[in-house]
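Novice: Just to be clear, the model below is a prediction. Sequence and coordinates:
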Amino acid sequence: MAHGTTTASEELFAPISTDLELCYQTFGDADADPLLLVMGLGGPMTWWPEEFCRQLAEAGFYVIRYDNRDTGRSSRARGRLGRSALVRAFVGAPVRAPYGMGDLADDAFALLDHLGIASAHVAGISMGGMIVQTMALSRPDRVRSLTSIMSTTGRRTVGFQHPALLPTLIGRVGPGEDGYVANSLKVWKLIGSPGYPTPTEELEARARETFRRGVSASGVVRQMMAVLTQPDRTPRLRELTVPTLVVHGLADKMVHVSGGRATAAAVPDAELMLIGGMGHDTPVEIWPRLIRGIRRVADRA
């Protein structure tokens with residue numbers, strides 16, 4: 001199923017199962033190298049900025065961005081979780097998660113199936129990095145190259161959060177759009193790139209767009225549970241033969257740079273790109289380096 005050679009498609013929907021539908025959008029020529037972009041915790045596909053996607057298309061990719069389940073315009077999963085379940089998972093106690101990293105990876109493969117794409121280059125940010133790592137481990141024949149951005153291996157001793165973030169991350173969010181925006185501004189000021197600060201008006205515009213596309217507090221908790229209950233992929237990452245790029249900011253407070261270093265150390269022949277002044281976001285100033293890196297690892301495939 002192709003969508004022609006227009007620069008960007010409208011937002012489309014892929015039926016993944018009887019009760020799951022993923023919202024997605026494509027950029028560029030459907031005959032170019034397919035590149036699937038996977039966003040992180042609570043982030044819709046629009047956190048991959050449209051201009052960034054256009055520049056990737058100009059670099060020779062057929063770009064696909066999508067809302068993970070429980071974000072944006074994709075379907076909401078079932079299963080409510082209380083904070084006590086999160087705390088149990090955080091300390092490593094056994095807990096049942098509504099879905100896991102493998103399910104999120106299967107969603108991505110189902111989207112590629114819907115598009116008639118047998119294999120693709122994949123790039124993921126944060127939780128999205130965990131998802132694309134899982135994709136490469138579960139179906140290496142379907143992953144042409146892997147770019148893991150500000151993510152980690154699942155090992156608890158690396159890629160940890162700065163303790164100062166916890167009160168804000170688990171704090172109550174005020175009601176409605178304004179409450180969501182106020183909390184978003186607080187979070188991004190804490191975890192964004194100190195070397196490349198994003199103007200407040202841009203952060204506010206992104207937060208309002210995110211809220212209006214659809215946010216789910218319970219969905220974020222379900223995704224968080226998938227992150228907390230993920231396995232340590234380190235032993236299996238050592239067996240990967242997929243060309244791999246690992247990108248991490250040296251100023252990342254959300255996922256410590258040790259997560260990126262551990263990922264690159266585990267994957268044979270992985271390229272590690274460490275960026276000074278970069279936190280847990282992708283400011284426009286680093287786009288050229290990021291796009292060159294994704295193109296470079298794709299060309300190794």
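Specialist: In hand now; what should we look at?
Novice: which residues touch the nearest residue in space to Asp70 that is not next to it in sequence?
Specialist: Distances taken as C-beta to C-beta, 6 or more residues apart in numbering put Gly219 closest to Asp70, at 3.0 Å, once the chain neighbours are dropped. For the C-beta atoms, the positions are set from N, CA and C on the backbone; glycine is no exception. Contact analysis of Gly219 by C-beta atoms under 8 Å, 6 or more residues apart in numbering lists 42, 69-71, 76-77.
Novice: try it again with 10 Å
Specialist: 42, 68-72, 74-77, 98 (C-beta atoms under 10 Å, 6 or more residues apart in numbering).
Novice: which SSE is it in?
Specialist: Using DSSP states H and E, the element containing Gly219 is helix 217-228.
Novice: That helix: how far from the chain's middle?
Specialist: 13 Å (C-alpha atoms, centre = their mean, to the nearest Å).
Novice: Report the buried residues of that helix.
Specialist: 219-228 (16 or more other C-beta atoms under 10 Å).
Novice: How about stretch 51-70?
Specialist: 52-53, 55-57, 59, 61-70.
Novice: Pull out the C-alpha coordinates of it and format them as CSV.
Specialist: Taking Å, rounded to 0.1, in the frame of the first residue of the first chain, the C-alpha atoms of stretch 51-70 are listed here in CSV:
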residue,chain,number,x,y,z
GLU,A,51,10.2,20.0,9.4
PHE,A,52,12.5,17.3,10.8
CYS,A,53,10.6,14.6,9.0
ARG,A,54,10.7,16.6,5.8
GLN,A,55,14.5,17.0,6.1
LEU,A,56,14.8,13.2,6.6
ALA,A,57,12.7,12.7,3.5
GLU,A,58,15.1,15.0,1.6
ALA,A,59,17.9,12.8,2.8
GLY,A,60,16.4,9.9,0.9
PHE,A,61,14.0,8.3,3.3
TYR,A,62,10.3,7.4,3.2
VAL,A,63,9.5,8.6,6.7
ILE,A,64,6.7,7.1,8.8
ARG,A,65,5.8,8.6,12.1
TYR,A,66,3.0,7.3,14.3
ASP,A,67,1.2,7.6,17.7
ASN,A,68,2.0,4.6,19.9
ARG,A,69,-1.0,3.0,21.5
ASP,A,70,-2.3,5.2,24.4
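Novice: Just checking the distance from it to the centre of its chain.
Specialist: For stretch 51-70, the distance to the chain centre is 12 Å (C-alpha atoms, centre = their mean).
Novice: Measure how buried the residue lying closest to Pro140 once chain neighbours are set aside is and give me the count.
Specialist: Of all residues not flanking Pro140 in the chain, Val242 sits nearest, at 5.7 Å (C-beta to C-beta, 6+ apart). Val242 has 25 neighbours, counted by other C-beta atoms under 10 Å.
Novice: Could you pull up the mean pLDDT of the helix holding Gly219?
Specialist: For helix 217-228, the mean per-residue pLDDT is 91.
Novice: list the helices and strands whatever helix or strand Val246 lives in packs on?
Specialist: Using DSSP H and E, Val246 maps to strand 244-249. With contacts defined as 3 or more C-beta pairs under 10 Å, 6 or more residues apart in numbering; DSSP states H and E, the packing partners of strand 244-249 are strand 120-125, helix 127-138, strand 143-149, helix 257-266, strand 271-275, helix 287-299.
Novice: at 7 Å what do you get?
Specialist: Here strand 244-249 touches strand 143-149, helix 257-266, strand 271-275, helix 287-299, going by 3 or more C-beta pairs under 7 Å, 6 or more residues apart in numbering; DSSP states H and E.
Novice: tell me the mean pLDDT over the longest one?
Specialist: The reference is to helix 287-299. Averaged across helix 287-299, pLDDT comes to 98.
Novice: Need the contact partners of that helix.
Specialist: Here helix 287-299 makes contact (C-beta atoms under 7 Å, 6 or more residues apart in numbering) with 33, 52, 55-56, 59-60, 121, 123, 144-145, 147, 243-245, 247, 271, 273, 282.
Novice: Buried ones among these?
Specialist: 33, 52, 55-56, 59, 121, 123, 144-145, 147, 243-245, 247, 271, 273, 282.
Novice: what's the neighbour count on Ala30?
Specialist: With other C-beta under 10 Å as criterion, Ala30 counts 17.
Novice: quick one, phi/psi of it?
Specialist: phi -60, psi -20 (degrees, to the nearest 10).
Novice: Quick check, it in contact with Tyr62.
Specialist: Yes. Using C-beta atoms under 7 Å, Ala30 is in contact with Tyr62, at 5.4 Å.
Novice: Name the residues contacting each of the two.
Specialist: With C-beta under 7 Å, 6+ apart as the test, Ala30 and Tyr62 reach no residue in common.
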